[in-house]
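>>> sharing a model that was predicted from the sequence below.
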Amino acid sequence: MSRSVERRIRKLRFLEVAVIEVLRDGLRFAEADWESAVAALAQLAAKGEIRLPTIAEQIHDEHHSGTRARWQRLEEMLQR
């Protein structure tokens, strides 16, 4: 199944898709370091603007191993 179909099935929000895309590319195109990115994602999740469990489900199905590895790192940093 294609990424776009999976994302429609899960009804991913624009910001959730953006998080996944940033994780795929790493932070090389972002204007933030990991700590800033984690803090921003924590705020978005606290406000209900992104759903971390929904992102985690999509990441589980991602073919790109770097995306999955970066998500794991991000999850570990969010738990601190």
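That came through fine.
>>> excluding covalently adjacent residues, which one is nearest to residue 73?
Distances taken as Cβ to Cβ, 6 or more residues apart in numbering place residue 34 nearest to residue 73, at 7.6 Å, with adjacent residues excluded. All C-beta atoms are positioned from the backbone trio N, CA, C, and that covers glycine.
>>> please apply the same query to residue 40.
Counting by Cβ to Cβ, 6+ apart, the residue nearest residue 40 is residue 32, at 6.9 Å.
>>> output the below-cut-off pLDDT ranges for this structure.
Across the chain, residues meeting the criterion (pLDDT under 70) sit at 1-9, 29.
>>> repeat the analysis, applying 50 as the threshold.
1 (pLDDT under 50).
>>> show me where it has helices.
In the chain, the segments counted as helices under DSSP state H are 3-9, 14-25, 34-46, 52-60, 65-78.
>>> in the second one, which residues are buried?
Same thing as helix 14-25. Of the residues in helix 14-25, those buried by neighbour count under the rule 16 or more other Cβ atoms under 10 Å are 16, 17, 19, 20, 22, 23, 24.
>>> what packs against that helix?
On a contact count with 3 or more Cβ pairs under 8 Å, 6 or more residues apart in numbering; DSSP states H and E, helix 14-25 meets helix 34-46, helix 52-60, helix 65-78.
>>> distance to residue 28 and mean neighbour count added to the ones you listed, as a markdown table?
Putting the helices and strands packed on helix 14-25 into a markdown table (distance: least, Cβ to Cβ, whole Å; neighbours: other Cβ atoms under 10 Å) gives the following:
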| stretch | distance to residue 28 | mean neighbour count |
| --- | --- | --- |
| helix 34-46 | 12 | 14 |
| helix 52-60 | 19 | 15 |
| helix 65-78 | 11 | 15 |
